[in-house]
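Q: Build me a model from this:
(chains A, B, C and D)
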Number of protein chains: 2
Amino acid sequence: MNVSIGTEEVQRPLRADARRNRERVLKAARAVFSAQGREAHLEDVASRAKVGVGTVYRHFPTKDALLEALAREQFEILTRWSLEAEAVPDPWAAFEAMIWRGAELQASDRALMEAVAEFKPSVARQAEELHASTERLLRRAQAAGAVRADATGEDVQLMMCGLGSVMQMSGDGWRRYLTVMLDGLRA
Amino acid sequence: MNVSIGTEEVQRPLRADARRNRERVLKAARAVFSAQGREAHLEDVASRAKVGVGTVYRHFPTKDALLEALAREQFEILTRWSLEAEAVPDPWAAFEAMIWRGAELQASDRALMEAVAEFKPSVARQAEELHASTERLLRRAQAAGAVRADATGEDVQLMMCGLGSVMQMSGDGWRRYLTVMLDGLRA
DNA sequence: AGAAAAGTGGAAGCGGTATTCCGTTTACCT
DNA sequence: AGGTAAACGGAATACCGCTTCCACTTTTCT
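A: Numbering: from 1, shown residues only, chains lettered A, B, ... in the order given. Now for the predicted structure:
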């Protein structure tokens, strides 16, 4: 029996069916929101997970909380990639490859592209570590003379943000957009 | 007494108070939507115009219709500017100045920046003439060797679209964004 | 001035989506 | 096996913004 210790609650482990359902919900939510964006209905997520809406709410207090959990997963992937890129020898190649990889991930997940394009404070917090890493990537490329000296980390964020909304309106025009933008960033 | 002629309805002129109210509504709507974007409530527009919501609906059948009327006004201004720019001798200067001017207008009107960033079909129709003109501006700059040969009119649209969402998240970071983008477009 | 037509205000209605509630079911523990 | 707490489902609820409706006011016309 778990009891409270001071102000801390020791977490009793989830019941087996609850753990299973939590995974089903997450999996369904990934599919639904990445295809339809944040406007998709929780009912669709629930029915795809073969679960009632009440169950979704048992695991995530609000729709936004669920969306945030999904966004966090994606930002963690991006952060991992960015840290890997820091280990690539050629500074420009590392920077450019990271940007393209991130763009492809955005292109594959509508909820992510919306999260990046709107960039609310909650999203900003999740992206902090990612930004720190991409900024190092940028600085290193600048030090190597590959990127214009006046570019900043914020410019990269804004580029990705604009990319999010460009993707929403054009099938794959975003690739040209990104090409132009990267050319503009080059020294 | 006005009567129908064939399928055409001859428009009886608006009563004096109606004409006055229509202007008040438009003026209030410009102020409210340019400051708060399309999410603003019609109630706010009505109260700022010192009018009931019913009156707003008498003049514009839906909120979208009102928003569309406002967007049209702005696109007409942009189109006029673009046509003027076509008369400027230096092709690159004309193109660049037009883009900056358009960007400043967007920056001053949140509803416009959202309209451009989302770019629904109804907006696209309104922007056709504008696009035709900016495309001529682009082609002329390409012919003069000032813009990269592979750029297209769509690239310009996408640039302005991305700009719309960049503006929504950064105070004036959009100026650097646009600088970088224009450098990327240069030959 | 009086009648008819046009216009008005804002409360009520409607539609649609996120969230809650609670009777029922399932897993866990002894 | 039986008791108990956790989890479930999904109908009902809460909420919120757009739009409609109509009794009342203002303008226009003769």
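Q: Was I right to think A:L185 contacts A:T152?
A: No. Taking contacts as C-beta atoms under 8 Å, A:L185 lies outside contact range of A:T152: 10.7 Å. Every C-beta, even on glycine, is put in place using the N, C-alpha and C of the backbone.
Q: The two - which one has more neighbours?
A: More crowded of A:L185 and A:T152, by other C-beta atoms under 10 Å in any protein chain shown: A:L185, with 25 against 14.
Q: All the strands of chain A, residue numbers only.
A: Remark: strands assigned in chain A by DSSP state E are A:4-5, A:8-9.
Q: Now do the end-to-end distance for stretch A:119-128.
A: 12 Å (C-alpha to C-alpha, to the nearest Å).
Q: Could you confirm whether it reaches chain B?
A: Yes. Contact of stretch A:119-128 with chain B (C-beta under 8 Å from any C-beta of the partner chain) involves A:F119.
Q: Now do that stretch, average pLDDT.
A: Stretch A:119-128 comes out with an average pLDDT of 91.
Q: Need the residues that contact it.
A: Applying C-beta atoms under 8 Å, 6 or more residues apart in numbering or on different chains, the contact partners of stretch A:119-128 are A:D64, A:E68, A:A71, A:R72, A:F75, A:A115, A:V116, A:Q157, A:C161, B:M169.
Q: ok, 10 Å please
A: With contact meaning C-beta atoms under 10 Å, 6 or more residues apart in numbering or on different chains, stretch A:119-128 is reached by A:64-65, A:67-68, A:71-76, A:78-79, A:112, A:114-117, A:131, A:134, A:157-158, A:160-161, A:164, B:165-166, B:168-170.
Q: Separate out the buried members of those.
A: Buried by 16 or more other C-beta atoms under 10 Å in any protein chain shown: A:67-68, A:71, A:74-75, A:78-79, A:112, A:114-117, A:131, A:134, A:157-158, A:160-161, A:164, B:165-166, B:168-170, out of the contacts of stretch A:119-128.
Q: The biggest helix by length in chain A near DNA strand C at all?
A: Ranked by residue count, the top helix of chain A under DSSP state H comes out as helix A:63-85. Yes. Applying C-beta under 7 Å from any atom of the strand, one finds helix A:63-85 in contact with DNA strand C at A:K63, A:D64.
Q: Do any residues in that helix lie close to chain B?
A: No. Using C-beta under 10 Å from any C-beta of the partner chain, helix A:63-85 stays clear of chain B, coming no nearer than 15.6 Å.
Q: Then stretch A:177-187?
A: Yes. Stretch A:177-187 reaches chain B (C-beta under 10 Å from any C-beta) through A:Y177, A:L178, A:T179, A:V180, A:M181, A:L182, A:D183, A:G184, A:L185, A:R186.
Q: what sits against the residue lying closest to A:K27 once chain neighbours are set aside?
A: Distances taken as C-beta to C-beta, 6 or more residues apart in numbering or on different chains place A:A49 nearest to A:K27, at 7.1 Å, with adjacent residues excluded. By C-beta under 10 Å, 6+ apart, the contact set of A:A49 is A:21-29, A:31-32, A:55-56.
Q: and which of those residues is nearest to B:Q106?
A: For the contacts of A:A49, the closest approach to B:Q106 (C-beta to C-beta) belongs to A:V32, at 32.8 Å.
Q: Can I get the contacts of A:A49 in a markdown table including pLDDT?
A: Listed next are the contacts of A:A49 as a markdown table, based on pLDDT from 0 to 100:
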| residue | pLDDT |
| --- | --- |
| A:N21 | 98 |
| A:R22 | 98 |
| A:E23 | 98 |
| A:R24 | 98 |
| A:V25 | 98 |
| A:L26 | 98 |
| A:K27 | 98 |
| A:A28 | 98 |
| A:A29 | 98 |
| A:A31 | 98 |
| A:V32 | 98 |
| A:T55 | 98 |
| A:V56 | 98 |
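Q: What's the nearest residue in chain A when you look at DNA strand C?
A: Of all residues in chain A, A:A16 sits closest to DNA strand C, at 3.0 Å by C-beta to the nearest atom of the strand.
Q: Report pLDDT for that residue.
A: A:A16 is given a pLDDT of 96.
Q: So for A:L185 and A:T152, which residues contact both of them?
A: Joint contacts of A:L185 and A:T152 (C-beta under 10 Å, 6+ apart) are A:L138, A:Q142.
Q: Find the nearest non-adjacent residue to A:V116, please.
A: Excluding the flanking residues, the one nearest A:V116 by C-beta to C-beta, 6+ apart is A:G164, at 4.1 Å.
Q: which ones are touching the one you found?
A: For A:G164, the contacting residues are A:103, A:106-107, A:110, A:112-119, A:174, B:117, B:162, B:165-166, by C-beta under 10 Å, 6+ apart.
Q: cutoff 7 Å now
A: A:Q106, A:M113, A:E114, A:V116, A:A117, B:S165 (C-beta atoms under 7 Å, 6 or more residues apart in numbering or on different chains).
Q: cool, and A:M159?
A: A:M181.
Q: Contact residues of chain A facing chain B?
A: Selection of chain A residues close to chain B by C-beta under 7 Å from any C-beta of the partner chain yields A:117, A:119, A:154-155, A:158, A:161-166, A:169-170, A:173, A:176-177, A:180-181, A:183-185.
Q: Going by mean pLDDT, which of the strands of chain A comes out lowest?
A: strand A:4-5 has the lowest average pLDDT among the strands of chain A, namely a mean of 38.
Q: how deep is the nearest residue to A:R140 once chain neighbours are set aside tucked in, by neighbour count?
A: Leaving aside its sequence neighbours, A:R140 sits nearest to A:P91 (C-beta to C-beta, 6+ apart; 4.5 Å). Using other C-beta under 10 Å, A:P91 has 21 other residues around it.
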